[in-house]
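Asks: structure for the following, please:
(2 chains)
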Amino acid sequence: MNQSNKSSPLHERLGRRRFLQTTGALAATDSGVVVPQVISPRALASEGQPGANERITVAHIGMGGRGKGLYREMAGLRNAGLCEHVAVCDIDEKRLEEASRLVGPQADVYRDYRYILERKDVDAVVIATPDHWHGVQFVHAAECGKHIYCEKPACCTIEEGKAMVAAANKTKIASQIGSQGRSQPEAYLAHRYLVNGNIGRVHRIDCWHYPSPVDKSHTPDSEPPPELDWDFWLGPLRWRPFNQRYLHGVFRWLLESGGGQIRDRGAHVMSCAMWWMGADGTGPVEVEATGTPPEEGLWDSCVEMNVIYTFKNPDWILTWNQPGEPVPPEERTGQEPGGKIIRPGYGAVYRGEKGTMVHWGGDGGTWVEKKVRDWVPLPGAKDVYKSPGHFEDWFEGIKTGKKTIMNIEAGVGVAFLCILGNLSYILGRKLHWDPVKQEIIGDEQARRLMVRPQRHPYHL
Amino acid sequence: MEPLTVEKLLELLKSDDPFVRRDAWLKAGPLGADALASLADLAANAELEISRAANRAMWQIVRYAGAPGRESERQAVVQELAELLGNTRFPVQLRRDMVWMLSEIIADEELDESIALTYLMDADLGEDVRMALQRIAGPRAVALLKTAWEKAHGDFKAALACSLRKCNVAIAEPPCPKLVPRKQTQVKPVGR
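Replies: The predicted model follows:
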């Protein structure tokens, strides 16, 4: 694993005593592979609660369904005294009020996330806004020295992704993209199974996912509701009249703002593929997509879609298929590491020289077939990094400077797959990609589409 | 199979069947520049879903014409779009779409400096034209941004300055306001 150490602002802010305690806990839990482990509440109790200034102060940008979900997912860290939530932000006043009620009176409320970025007492931000805001808010937060948890997909354009990586590297913040499949217990088992050659060299991975919906509502443009700041919701996107089919949640089905299933769940399922294949930092050399658009309505992302990604050196193929060929979920008792399979509508088949491996889900629920769970490593078998949890892994990144499991480089790499798939679809032709320079080659129109200039002042 | 003509395309786009409309706009690409004026009329004047289908047909033509090896088709589409953009009887939103269509395929040397500058300083189109020029980013596009920056005031001057910086032109003033908060909420923390 490439878990490099580098200094971080919070690392420097935390007391040396606390840092040594934390790294001690790290060393005690593993021999050989560094496995970050957030100190349990019990351990904290025995050593004394950390002072308030040692907690990570977190602010939440975007408090819709996913934003609230992420706040709830941080309960363990919160209850352990490892963080406190000092601010919430949303451009919808009703949602902001709901968020305030959820998080409590200690949290300040904002419409404009830039008030949060101005605050020197905020260590970290959790970004759960629609995708078209991710790049801009990530870069702004990094430029202000905040550690960042950002929902997937990392970005909507190639330009955004490059800017995000540059900003994070320049300011040495810890980042985690919300493709939390990598941190699931059965993801670890799948990864370990593959790297130990159980199905031989993997030459092809076929993802499946159910189709995207069609907007059949025939909803005309209208005035935005009074609680919504439409200008601020659009943010970087070019201006257009309000239409209630843009939001909330359904932004997912527009190519500009959400990118469809491929940029939503593709950022999960293909994230697992890149992680398990050891392909972070690489990319395909060719991308070819076909798809069927909706027959009507505002939404324009593919209903059905097939994308073929060709990787070289090593040679392998990744395909994204809506609907593809779903593998029926296996029967389970619920006692397995990942519990029962509750989202069998997406997953992937890994095809190796000696056999296949199937997983379902790939996000907060990631499940692998029984033979993988039952496999017992022999002495000398390779081990792989085992995430203590997606937020916990991020917190360790903040405290120690170690590289997180879904750091911004990895997150951008996966997002680029999704973006290139959509670009190939809308252009109706194969794209050639330079994975080193991260540029489309030989196609001027496609090259221009790597950039989508943003509305002032909501830009990178 | 009967070859698709502009007339046939328009007829299919006006169908009551959404699947017929979709299959029609998907095939619009090879019709090229000849179809754009009729499609723009349809996009401007038809009911919601037919208008959307016509608009998508226009985009399909732009994406087809921009492919490598279709230089003459691309030039024809650019010329036609530039003409249509000047027609102020089209809705502003449709004209903005045309700006973005052009941003994908117009060559820097095809920019007409005086016309482009007029659009850049236009209250309805200016912000979209600024973004389009930033995407094109060739010498003429950058020169246009610079000329507009010299003439502009207030927020738009700041926007132009930011575009120029993106094009690697050193511009000191006005500073970029992207991190300056502006928007206040009326919500108070619940329970405080």
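
Asks: packing partners for the longest helix seen in chain B?
Replies: The residue-count maximum for a helix in chain B (DSSP state H) belongs to helix B:48-65. On a contact count with 3 or more C-beta pairs under 8 Å, 6 or more residues apart in numbering or on different chains; DSSP states H and E, helix B:48-65 meets helix B:6-13, helix B:18-26, helix B:36-45, helix B:71-85, helix B:92-105. From N, CA and C alone the C-beta is placed, and that goes for glycine too.

Asks: check which residues of the last one are buried.
Replies: Judged by neighbour count (16 or more other C-beta atoms under 10 Å in any protein chain shown), helix B:92-105 contains these buried residues: B:93-105.

Asks: quick check: of those residues, which lies closest to A:W433?
Replies: B:E104 (18.3 Å; C-beta to C-beta).

Asks: could you dump the helices and strands packed on helix B:48-65 to CSV with distance to A:I91 and mean pLDDT?
Replies: Below are the helices and strands packed on helix B:48-65 laid out as CSV (distance: least, C-beta to C-beta, whole Å; pLDDT from 0 to 100):
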stretch, distance to A:I91, mean pLDDT
helix B:6-13, 36, 98
helix B:18-26, 33, 98
helix B:36-45, 30, 98
helix B:71-85, 32, 98
helix B:92-105, 22, 98
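
Asks: among the ones you listed, which comes closest to A:A166?
Replies: helix B:92-105 (23.9 Å).

Asks: on contacts alone, who are the packing partners of that closest one?
Replies: On a contact count with 3+ C-beta pairs under 8 Å, 6+ apart, helix B:92-105 meets helix A:444-448, helix B:36-45, helix B:48-65, helix B:71-85, helix B:126-136.

Asks: now the element after that helix, going C-ward?
Replies: Counting by DSSP states H and E, the next helix or strand C-terminal to helix B:92-105 is helix B:113-120.

Asks: on that earlier part again, closest one to A:I405 among the helices and strands packed on helix B:92-105?
Replies: Comparison of those against A:I405 by C-beta to C-beta identifies helix A:444-448 as nearest, at 31.3 Å.

Asks: show me what counts as buried in that closest one.
Replies: Those would be A:445-446, A:448, for helix A:444-448 by 16+ other C-beta under 10 Å.

Asks: do the same with stretch A:336-345
Replies: For stretch A:336-345, using 16+ other C-beta under 10 Å, the buried residues are A:336, A:338, A:341, A:343-345.

Asks: what about A:P328, how many neighbours?
Replies: Using other C-beta atoms under 10 Å in any protein chain shown, A:P328 has 9 neighbouring residues.

Asks: now the phi/psi pair for it, please.
Replies: Note on A:P328: backbone dihedrals following degrees, to the nearest 10 are phi -60, psi 140.

Asks: with A:M450 instead?
Replies: Main-chain dihedrals, A:M450, degrees, to the nearest 10: phi -70, psi -20.

Asks: then B:A28?
Replies: Residue torsions, per degrees, to the nearest 10, at B:A28 are phi -70, psi -20.

Asks: still on that earlier bit, closest one to A:P130 among the helices and strands packed on helix B:48-65?
Replies: Going by C-beta to C-beta, the one of the helices and strands packed on helix B:48-65 nearest A:P130 is helix B:92-105, 19.6 Å.

Asks: what's the angle from that closest one to helix B:113-120?
Replies: Counting by axes from the mean of the first three to the mean of the last three C-alpha atoms, to 10 degrees, helix B:92-105 lies at 130 degrees to helix B:113-120.

Asks: and helix B:92-105, how far from the chain's centre?
Replies: Relative to the centre of its chain, helix B:92-105 is centred 1 Å away, using C-alpha atoms, centre = their mean, to the nearest Å.

Asks: got the contact list for it?
Replies: Here helix B:92-105 makes contact (C-beta atoms under 8 Å, 6 or more residues apart in numbering or on different chains) with A:238-241, A:445, A:448-449, B:40, B:43-44, B:55, B:58-59, B:62-63, B:65-66, B:74, B:77-78, B:81-82, B:84-85, B:87-88, B:90, B:119, B:124-125, B:128-129, B:131-133, B:135-136.

Asks: can you count the residues close to A:C207?
Replies: 25.

Asks: neighbouring strands - and their directions - for the helix or strand hosting it?
Replies: Using DSSP H and E, A:C207 sits within strand A:202-209. Strand A:202-209 has the following sheet partners, assigned by DSSP bridges: strand A:316-322 (parallel), strand A:346-352 (antiparallel).

Asks: domain ranges for chain B?
Replies: B:1-106, B:108-176 (automatic domain parsing).

Asks: switch these over to a markdown table; also include distance to A:S100.
Replies: Output for those, formatted as a markdown table (distance: least, C-beta to C-beta, whole Å):
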| stretch | distance to A:S100 |
| --- | --- |
| domain B:1-106 | 36 |
| domain B:108-176 | 31 |
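
Asks: so A:R332, which state does it fall into?
Replies: coil (DSSP: H, G, I helix; E, B strand; the rest coil).

Asks: not counting sequence-adjacent ones, nearest residue to it?
Replies: Take A:R332 and drop its neighbours on the chain: the residue closest to it by C-beta to C-beta, 6 or more residues apart in numbering or on different chains is A:K340, 5.0 Å away.

Asks: hmm, A:E331 and that neighbour touching each other?
Replies: No. Counting by C-beta atoms under 8 Å, A:K340 sits too far from A:E331 to count as a contact (9.3 Å).

Asks: quick check, nearest of the buried residues of helix B:92-105 to A:G364?
Replies: Of all these, B:W100 has the smallest distance to A:G364: 36.2 Å, by C-beta to C-beta.

Asks: quick check: longest helix of chain A.
Replies: Max-length helix for chain A by DSSP H is helix A:408-427.

Asks: quick one: it to strand A:316-322, angle?
Replies: Between helix A:408-427 and strand A:316-322, the angle comes out at 60 degrees (the same axes, to 10 degrees).

Asks: the longest helix of chain B: which residues count as buried?
Replies: Applying 16+ other C-beta under 10 Å to helix B:48-65 flags B:49-65 as buried.
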